[in-house]
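> coordinates only, sequence not included:
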């Protein structure tokens with residue numbers, strides 16, 4: 001059949017004309033360090049009809065070994081041949097790493113004041129340009145070696161790509177060490193002790209004159225007889241503890257130079273009741289003195305001071321004595337923890353001093369007054385522990401004025417009041433040196449001891465005694481200062497008919513430094529046989545705290561030493577003794593077997609002994625001993641013999 005118009009078909013043909021779209025992955029632009037590895041990030045292309053289509057990469061080949069700008073292109077087409085718009089990635093190969101500066105020498109660096117600064121130099125290395133050390137610019141414009149302080153020296157350099165680097169050296173300009181702080185701590189204590197050694201020797205000599213000491217005398221190491229000297233020093237040598245300094249420190253002598261004059265003077269003194277003659281005889285005397293000092297507040301230090309004194313005096317009249325004392329002193333100390341110039345140091349501290357002390361004393365039968373004015377010169381040496389440290393020196397001088405009184409203030413019947421008092425002012429001038437600062441220091445010391453005793457006879461033939469003692473001291477001026485006092489008292493009953501003695505003591509020591517306190521209580525009961533030692537004897541001694549008086553310690557060595565001592569043992573203690581004296585076989589002397597026991601918190605001690613007093617010249621002891629501590633026991637057997645001349 002034929003087609004009609006109503007049967008016409010329309011065909012529409014569609015064509016693909018849209019191009020894909022390219023999307024880059026990664027950075028654009030991209031920067032790479034010279035020499036780095038280039039990794040292509042890639043790209044994606046999407047087409048509306050075909051979906052994901054391949055991407056063609058072209059353009060420049062990226063060479064990371066050569067600085068420059070590289071263009072990488074990205075193309076894509078779909079199946080219909082529609083090409084995407086080309087996309088370009090810019091890749092920059094550049095040098096962005098600055099050089100590395102390395103300082104030679106110390107950093108920080110220290111210089112003494114006024115020293116010339118010599119730069120130790122530096123090196124600069126760059127990954128691209130290599131060694132740039134010659135291009136380093138050093139800036140020392142802020143450094144002033146004539147003024148103490150902390151300064152910065154800067155180093156700068158740039159590579160050919162303009163990458164800049166900088167470094168800084170700290171330079172500390174230090175003042176020369178002057179040891180002023182060290183000397184302010186140590187020298188006042190040394191000055192007080194040196195002056196005190198001289199004053200003590202002179203006061204002792206004037207007290208000897210008051211007592212009428214006119215015959216030769218020798219005390220060597222604390223012993224005044226030949227037997228004691230030989231025995232003590234023999235034991236020291238045997239125990240390998242002999243020390244010549246310690247021996248001389250505990251020694252003194254008196255040597256009258258005119259026997260006739262002394263005899264006449266003694267006779268005149270006895271007649272006048274003063275104990276001092278009116279002759280003009282000369283007396284030569286000498287003494288040694290050893291002290292140990294230490295400190296630990298600002299600077300830790302310790303050491304010893306040894307002095308030898310030699311004096312000559314004459315009696316001007318029955319009450320007046322005038323003389324002069326010369327002394328040679330040596331001080332050896334170690335110091336540590338001393339901070340100066342930003343570092344803690346230690347070292348040796350040495351001082352030698354020669355002094356002369358004219359003195360004048362007025363004496364009576366009960367009292368003596370004295371005054372002395374001294375002057376000494378010497379040298380101070382400071383050496384740091386560093387083996388390369390030099391020995392620094394400075395001259396110094398010491399001036400001292402001291403006066404004192406001692407003797408019986410009052411004596412009325414059964415009551416006696418004794419006094420010992422001193423006032424001392426000393427000034428030390430340190431001249432200074434190239435590295436030791438000049439200093440003027442002063443130190444003072446006031447000391448007084450009062451002792452009151454009362455002895456009351458009883459109708460039974462016994463005697464009742466009471467005593468009260470007070471020691472006072474104050475140190476002023478430079479260095480360590482402070483005050484301290486000790487008060488003590490006692491009661492004593494003694495009956496020679498029954499051999500019974502009962503005693504009680506109490507004391508307290510109070511120091512101004514560190515609120516130090518020390519106390520003690522003690523008792524004593526003795527029941528003795530016959531006066532010649534025969535018969536049964538018994539003693540009981542309870543103690544609690546530290547009962548030994550420290551008034552002499554305060555007086556001689558100083559409150560400072562006492563307060564720095566180790567903590568005291570305040571545990572109770574009990575001492576018992578039982579003995580029986582009887583005539584030795586054959587009537588040769590006295591034999592006394594005895595037992596002793598000591599009980600305390602620190603342990604117990606038991607002794608059994610036998611003493612044979614052959615005569616007044618010789619005695620022998622045989623002792624067995626057991627000592628018990630918390631964790632052990634010790635046993636000993638001792639045989640001792642003494643010869644008396």
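Right, received. Where do you want to start? Model, not experiment: these values are computed from the prediction.
> which intervals of the stretch 501-645 of the chain have sub-threshold pLDDT?
Residues of the stretch 501-645 of the chain meeting the criterion pLDDT under 70: 512-516, 547-570, 644-645.
> what's near enough to touch residue 418?
Taking CB atoms under 8 Å, 6 or more residues apart in numbering, we find residue 418 in contact with 406-409, 449-453. Quick note: C-beta positions are derived from backbone N, CA and C, even for glycine.
> quick check: longest helix of this protein.
helix 180-210 (DSSP state H).
> Flag every buried residue along that helix.
Neighbour-count burial for helix 180-210 flags 182-210 (criterion: 16 or more other CB atoms under 10 Å).
> Quick one: end-to-end length of stretch 428-435, please.
Start to finish, the residues bounding stretch 428-435 are 18 Å apart (CA to CA, to the nearest Å).
> Return the member of the contacts of residue 418 nearest to residue 96.
Nearest to residue 96 out of the contacts of residue 418 is residue 449 (CB to CB; 86.9 Å).
> For the stretch 101-250 of the chain, which segments count as helices?
Remark: helices assigned in the stretch 101-250 of the chain by DSSP state H, counting those that start in this stretch are 180-210, 226-238, 244-249.
> among those, where is the model least confident on average?
Note on the helices of the stretch 101-250 of the chain: lowest mean pLDDT is at helix 226-238, with a mean of 49.
> shouldn't residue 399 be in contact with residue 377?
No. Counting by CB atoms under 8 Å, residue 377 is not a contact partner of residue 399; they are 10.2 Å apart.
> Please say which of the two ends up with more neighbours.
A count of neighbours by other CB atoms under 10 Å puts residue 399 above the other of residue 399 and residue 377, at 17 against 14.
> how close does the residue lying closest to the more buried one once chain neighbours are set aside get to residue 373?
Excluding the flanking residues, the one nearest residue 399 by CB to CB, 6 or more residues apart in numbering is residue 427, at 4.9 Å. Separation of residue 427 from residue 373 (CB to CB, to the nearest Å) stands at 12 Å.
> Overlap of the contact sets of those two?
In contact with both residue 427 and residue 373: residue 400, using CB under 8 Å, 6+ apart.
> quick one: which of these two has more around it?
residue 427 (18 against 14).
> Ramachandran angles for residue 318?
Reported as degrees, to the nearest 10, the phi and psi values for residue 318 are phi -70, psi -20.
> what's the pLDDT at it?
With respect to pLDDT, residue 318 scores 84.
> again, but for residue 256
At residue 256, pLDDT is 90.
> pretty sure it contacts residue 285?
No. Using CB under 8 Å, residue 256 is not in contact with residue 285, being 9.5 Å away.
> quick one: which of those two has more around it?
Ranked by neighbour count (other CB under 10 Å), residue 256 and residue 285 place residue 285 first, with 24 against 21.
> what is the more buried one paired to in the beta sheet?
Residue 285 has the following beta-bridge partners by DSSP bridges: residue 254, residue 311.
> Distance of it relative to residue 218?
For residue 285, the distance to residue 218 (CB to CB) stands at 11 Å.
> so what sits against both of those two?
Common contacts of residue 285 and residue 218 (CB under 8 Å, 6+ apart): 252-253.
> what's the burial count for residue 600?
Per other CB under 10 Å, the neighbour tally for residue 600 reads 14.
> give me every residue that touches the residue nearest to residue 583 when sequence neighbours are not counted.
Spatial nearest neighbour of residue 583, excluding adjacent residues (CB to CB, 6+ apart): residue 590 at 6.6 Å. If a contact means CB under 8 Å, 6+ apart, then residue 590 has 532-534, 581-584, 612-613 as its contacts.
> I'd like to know which of the residues you listed are buried.
533, 581, 612-613.
> which ones among those are found in strands?
Taking DSSP state E, the ones among the buried ones among the contacts of residue 590 that sit in strands are 581, 612-613.
> I'd like these as JSON lines, with distance to residue 336 appended.
Shown next, in JSON lines, are those (distance: CB to CB, whole Å):
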{"residue": "581", "distance to residue 336": "56"}
{"residue": "612", "distance to residue 336": "53"}
{"residue": "613", "distance to residue 336": "53"}
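> ok, those residues vs residue 305, which is closest?
Nearest to residue 305, judged by CB to CB, of those is residue 613 at 41.9 Å.
> That closest one contacts residue 642, doesn't it?
No. The criterion here is CB under 8 Å, and residue 613 misses it with residue 642 at 9.7 Å.
> Residues that sit against both of the two, list them.
In terms of CB under 8 Å, 6+ apart, residue 613 and residue 642 are both contacted by the residues residue 619.
> burial count for residue 81?
9.
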